[in-house]
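J.: the sequence and its predicted three-dimensional model are supplied below.
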Amino acid sequence: MNRNKRYEEKMKQKGLKKVTLWLPVSAEIEFKQMAEFCIENPYHVPYMAKSIKTGRFAKAV
């Protein structure tokens, strides 16, 4: 078993799933931070998104 396969098995055992997403370049950092937060806090989920143009929040559906 190679190093990458061992790493992926370790993550699966932690209850995580590998997912590929296409993101806007301008939002990459925010998505990574949200994913890290959700991994560290498994009882939290993303609920709202903030517009970078208006500053208003919108519920994520």
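T.: That came in fine, so what should we check first? Residues are numbered from 1 along each chain as shown.

J.: so which residues make contact with the helix of greatest length in the chain?
T.: Determined from DSSP state H, the single longest helix within the chain is helix 28-40. Helix 28-40 has contacts (C-beta atoms under 8 Å, 6 or more residues apart in numbering) with 16, 21, 23, 44, 45, 46. Backbone N, C-alpha and C define where each C-beta goes, glycine included.

J.: now these in a markdown table, with distance to residue 53?
T.: Below are those laid out as a markdown table (distance: C-beta to C-beta, whole Å):
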| residue | distance to residue 53 |
| --- | --- |
| 16 | 33 |
| 21 | 22 |
| 23 | 18 |
| 44 | 26 |
| 45 | 25 |
| 46 | 19 |
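
J.: distance of the residue most central in space within the chain from residue 44?
T.: In the chain, the residue lying closest to the centroid (C-alpha atoms, centre = their mean) is residue 35, at 2.4 Å. In this view, residue 35 and residue 44 are 12 Å apart by C-beta to C-beta, to the nearest Å.

J.: quick check: mean pLDDT of the next helix-or-strand element following the longest helix of the chain?
T.: Downstream of helix 28-40, the next assigned helix or strand under DSSP states H and E is strand 48-50. Taken as a whole, strand 48-50 has an average pLDDT of 86.

J.: okay, now the sheet partners of strand 48-50, with direction.
T.: Here strand 48-50 has these sheet partners by DSSP bridges: strand 57-59 (antiparallel).

J.: what's the model's confidence in the partner strand, averaged?
T.: In the prediction, strand 57-59 has an average pLDDT of 86.

J.: stretch 10-27 too?
T.: pLDDT averaged over stretch 10-27 gives 93.
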